[in-house]
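Visitor: Only the shape, not the letters, is given here:
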């Protein structure tokens, strides 16, 4: 049995999110929350919300034991890129790509 939560269109690049995801993969939920709380990365804030959502899904929708949950799968995919322009020298401009992420987290009960 597993519980899943997904967050889409997070305004952080997938590359930066992946660094934090590698820290919490295969960790118990309580330890993963502690790691996210004390890691100084911008990706931690949406990941804490996502992990709490998956934990609530496991408890309320699947009747899983919250003390035995661990982060089984967590991955990030690239969402749409926001394209913006910035003024440059001699009246020209350059493009700024603001990337977004889709993050999926799955919890399972330890055997």
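Guide: Now that the structure is in, tell me what you want to look at. Just so we're clear, the structure is a prediction, and the values are computed from it rather than from any experiment.
Visitor: pLDDT value on the closest residue to residue 37 other than its chain neighbours, please?
Guide: Leaving aside its sequence neighbours, residue 37 sits nearest to residue 48 (C-beta to C-beta, 6 or more residues apart in numbering; 7.0 Å). All C-beta spots, glycine's among them, are computed from the backbone N, C-alpha and C. Predicted confidence (pLDDT) for residue 48: 96.
Visitor: what's near enough to touch residue 48?
Guide: Applying C-beta atoms under 8 Å, 6 or more residues apart in numbering to residue 48 gives the contacts 33, 36, 37.
Visitor: Which pLDDT value belongs to the last one?
Guide: Turning to residue 37, the model gives it a pLDDT of 95.
Visitor: how many neighbours does it have?
Guide: 9 (other C-beta atoms under 10 Å).
Visitor: got it, and the first one?
Guide: Neighbours of residue 33 under the rule other C-beta under 10 Å: 17.
Visitor: which SS state does the nearest residue to it once chain neighbours are set aside fall under?
Guide: Nearest residue to residue 33, sequence neighbours excluded (C-beta to C-beta, 6+ apart): residue 51, at 6.1 Å. Under DSSP: H, G, I helix; E, B strand; the rest coil, the three-state class of residue 51 is helix.
Visitor: residues near residue 51, how many?
Guide: 22.
Visitor: How about residue 86?
Guide: Counted with other C-beta under 10 Å, residue 86 comes out at 8.
Visitor: Show me what it is bridged to.
Guide: Per DSSP bridges, the residues bridged to residue 86 are residue 94.
Visitor: pLDDT wise, what is it at?
Guide: 96.
Visitor: can you start the count at 24 instead of 1 from here on
Guide: With 24 as the first residue, the last one maps to residue 109.
Visitor: looking at it, it is touching residue 120, isn't it?
Guide: No. Contact criterion C-beta atoms under 8 Å: residue 109 and residue 120 do not qualify, at 11.0 Å.
Visitor: quick one: the residue nearest to residue 60 from residue 28, how far?
Guide: Going from residue 71 to residue 28 by C-beta to C-beta, to the nearest Å gives 12 Å.
Visitor: I am finished for the moment; much appreciated.
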